[in-house]
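Undergrad: 3D, please:
(one chain, ligands or ions: 1)
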Amino acid sequence: MKYWQPMHELSICQALLGEVSAVARAEHASSVTDVYVSIGPLSGVEGPLMRNAFPVAAAGTVASDAALHLQQAPVRVRCEGCGAETEVAVNRLICGRCNNWRTQLISGDELLLQRVVLRTDAAGRGQQCVKPAAAI
Ligand SMILES: [Zn+2]
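TA: Numbers count the residues shown, from 1 in each chain. Next up, the predicted model:
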């Protein structure tokens, strides 16, 4: 299993770069300088492996010099008893208000492209920040 893990992150990075390239094309950017991604702790995606895979997937794309910024997303559940939405620990998905264990996960298992910073002219002067907020 462990052997295949980096391949998993590589294919995720390739999907991520597909999104990033589409944003860059739509904004007529010359290059991408920063990519901000939020990782849910339950997404099964390993941050360090993402960091390793990103430059490999980015080589030869408009984002080949981009820096990858990873942010940990909170885990939130909705209680089936009292209806409260609370932030919880990864290993303890119970209602933060009434301790009910019957909850539904509402966030924490997603991978989101949050922000892309683009260079908008060839001289690298103009910078633009785009917020696609796309799930990968
Ligand atoms: Zn509750």
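Undergrad: this structure: strands as residue ranges?
TA: Applying DSSP state E to the chain gives strands spanning 31-39, 67-72, 75-79, 85-88, 103-107, 111-119, 127-130, 134-135.
Undergrad: can you say which of those is nearest to residue 95?
TA: Nearest to residue 95 among those is strand 75-79 (3.7 Å), distances taken as C-beta to C-beta. C-beta: built from backbone N, CA, C; applies to glycine.
Undergrad: so how far is the closest one from its chain's centroid?
TA: 19 Å (C-alpha atoms, centre = their mean, to the nearest Å).
Undergrad: close to the ion, is it?
TA: Yes - applying C-beta under 5 Å from the ion, one finds strand 75-79 in contact with the ion at residue 79.
Undergrad: average pLDDT across that strand?
TA: Taken as a whole, strand 75-79 carries a mean pLDDT of 97.
Undergrad: got the residues of the protein near the ion?
TA: Counting by C-beta under 5 Å from the ion, the residues of the chain near the ion are 79, 81, 82, 84, 95, 97, 98, 100.
Undergrad: Throw the residues you listed into JSON lines and include neighbour count and distance to residue 127, thanks.
TA: Putting those into JSON lines (neighbours: other C-beta atoms under 10 Å; distance: C-beta to C-beta, whole Å) gives the following:
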{"residue": "79", "neighbour count": "20", "distance to residue 127": "43"}
{"residue": "81", "neighbour count": "13", "distance to residue 127": "48"}
{"residue": "82", "neighbour count": "12", "distance to residue 127": "46"}
{"residue": "84", "neighbour count": "14", "distance to residue 127": "41"}
{"residue": "95", "neighbour count": "21", "distance to residue 127": "43"}
{"residue": "97", "neighbour count": "13", "distance to residue 127": "43"}
{"residue": "98", "neighbour count": "12", "distance to residue 127": "47"}
{"residue": "100", "neighbour count": "15", "distance to residue 127": "47"}
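Undergrad: thanks a lot, see you next time.
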